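Novice: This is a predicted model, with the sequence first.
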Amino acid sequence: MHFELELTDSQSKARVGKLHTDHGVIETPIFMPVGTAGSVKGVHQHELKEDIEAQIILGNTYHLFLRPGLEVIEPAGGLHKFMNWNGPILTDSGGYQVYSLSGARKIKEEGVTFQSHIDGSKHFFSPEKAIDIQRSIGADIIMAFDECTPYPCDYDYAKQSMHMTHRWLKRCFTQMDKTEPLYGHNQALFPIVQGSTYNDLRTESAETISSHDAIGNAIGGLSVGEPDEELYGMTDLVCNILPTEKPRYLMGVGTPVNILECIALGVDMFDCVMPSRNARHGMLFTSEGIINIKNKKWEKDFSPLDPNGKSFVDSTYTKAYLRHLMRAKEHLAMQIATIHNLSFYLWLVAEARKHIKAGDFVSWKNQMVPKLQNRL
């Protein structure tokens with residue numbers, strides 16, 4: 001696996017590149033649909049590939065470990081074969097899910113003890129176990145085990161947590177070196193920058209992560225409730241430190257505007273549940289702004305979902321029809337809306353790549369941002 005940096009924008013830090021994996025080439029900047037439990041909710045795998053044009057998807061270590069479990073995934077031949085997806089997969093380490101279980105987990109130097117949200121059973125994740133589980137799942141890119149601190153976060157706690165994350169990272173790399181991939185394809189470990197919203201901690205963490213010379217690096221602990229100016233400030237700071245020749249993955253971000261602004265700061269990879277989760281509640285992201293398709297104003301609007309959209313659903317179904325399906329609680333409504341939103345996100349990053357190559361990314365971004373914030 002290797003990253004090929006093709007071009008950097010002359011007016012910003014936006015970049016175009018290619019991340020080469022054994023399951024295919026990923027063009028960056030890229031958005032990665034989230035398939036928490038081995039499925040992007042409401043979307044067939046062929047739709048992900050052919051209609052949404054996803055180049056890489058995410059799986060979740062915590063959820064897959066609990067259900068269906070490694071005793072099912074391993075004999076299936078790994079997650080790729082189990083879910084019939086032949087493109088690249090990234091798995092997070094479970095650290096964020098453990099963070100979200102604040103009332104049902106205990107964090108110690110050895111690792112984290114937590115209770116399953118499914119049946120209350122107790123489990124233990126260490127850095128070593130997180131690596132072993134991700135070896136069993138078989139993702140192309142696997143994430144280091146870390147602690148995601150909340151926002152706001154006390155400085156002393158953020159510092160203590162960051163240093164533990166760095167110690168855990170060493171254990172992750174040691175376990176990677178001790179083990180081998182199970183399914184005949186290479187796996188790359190991405191470390192994660194932490195440090196909450198403190199400049200000195202983020203600087204120290206980015207420098208520490210850079211010293212490991214990993215194939216790629218991630219920025220974690222953001223998009224957890226902090227204001228956008230904090231998100232952008234920390235992202236800018238970290239991208240100025242992380243090596244330019246390695247891909248940068250900003251975890252859990254975010255809105256279409258967040259993505260464009262962070263592309264301008266030098267980020268290459270994004271994921272977020274927002275396009276799929278919001279779709280299920282009737283919120284559509286379009287090139288002209290945000291639509292609540294449940295609103296009565298769309299009742300007799302027979303125009304396409306997005307006149308500039310690439311997906312077949314944008315020209316096949318009208319706003320009026322999708323509104324009807326939503327109000328009737330038809331399952332097809334959630335499927336159409338999810339395909340639309342994910343297609344829009346993939347269209348947006350493809351357009352970003354196109355404009356970076358054309359040399360007019362900044363002017364295009366500045367035109368797009370106000371439109372993307374419109375409530376239609």
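Specialist: Perfect, thanks for sending it.

Novice: Can you tell me, leaving aside adjacent residues, what's nearest to residue 110?
Specialist: Among residues not flanking residue 110 along the chain, residue 126 sits closest, at 6.0 Å (CB to CB, 6 or more residues apart in numbering). Where C-beta positions appear, they are placed from N, C-alpha and C, glycine not excepted.

Novice: what sits against that neighbour?
Specialist: If you count contacts by CB atoms under 8 Å, 6 or more residues apart in numbering, residue 126 has them with 110-112, 145, 171.

Novice: Would you format those residues as a markdown table with distance to residue 151 and secondary structure included?
Specialist: Shown next, in a markdown table, are the contacts of residue 126 (distance: CB to CB, whole Å; DSSP: H, G, I helix; E, B strand; the rest coil):
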| residue | distance to residue 151 | secondary structure |
| --- | --- | --- |
| 110 | 26 | coil |
| 111 | 23 | coil |
| 112 | 20 | strand |
| 145 | 20 | coil |
| 171 | 26 | helix |
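
Novice: In a markdown table, list these along with pLDDT.
Specialist: As requested, the contacts of residue 126 are exported to a markdown table (pLDDT from 0 to 100):
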| residue | pLDDT |
| --- | --- |
| 110 | 96 |
| 111 | 94 |
| 112 | 92 |
| 145 | 97 |
| 171 | 98 |
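
Novice: Put the buried members of the residues you listed into a ChimeraX selection.
Specialist: Only the buried entries of those go into this ChimeraX selection, using 16 or more other CB atoms under 10 Å:
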select :111,112,145,171
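
Novice: List just the nearest of the contacts of residue 126 to residue 230.
Specialist: Set against residue 230, the nearest of those by CB to CB is residue 145 (24.6 Å).

Novice: Which helix or which strand is home to the closest residue to the closest one other than its chain neighbours?
Specialist: Spatial nearest neighbour of residue 145, excluding adjacent residues (CB to CB, 6+ apart): residue 130 at 3.9 Å. Assigned by DSSP states H and E, residue 130 belongs to helix 127-137.

Novice: contacting residues for the spatially most distant residue from the centre of the chain?
Specialist: For the chain, the residue at maximal distance from the C-alpha centroid (CA atoms, centre = their mean) is residue 300, at 35.7 Å. Contacts for residue 300 (CB under 8 Å, 6+ apart) come out as residue 320.

Novice: How about the secondary structure of it?
Specialist: coil (DSSP: H, G, I helix; E, B strand; the rest coil).

Novice: Please tell me how far it sits from residue 279.
Specialist: From residue 300 across to residue 279, the span is 22 Å (CB to CB, to the nearest Å).

Novice: about what we covered before: now the two most distant members of the contacts of residue 126.
Specialist: Once CB to CB is applied, the contacts of residue 126 give 112 and 171 as the farthest pair, at 13.1 Å.

Novice: Which stretches in the stretch 251-376 of the chain count as helices?
Specialist: All helices of the stretch 251-376 of the chain, identified by DSSP state H, counting those that start in this stretch, fall at 256-264, 274-280, 312-316, 319-327, 331-358, 361-372.

Novice: any idea what sits nearest residue 36, other than its immediate chain neighbours?
Specialist: Residue 36 sits nearest to residue 60 (CB to CB, 6+ apart), 4.5 Å away.

Novice: one step back: starting from residue 320, give me the distance back to the residue farthest from the centre of the chain.
Specialist: Distance from residue 300 to residue 320, by CB to CB: 6 Å.

Novice: Perfect, I'm done here.
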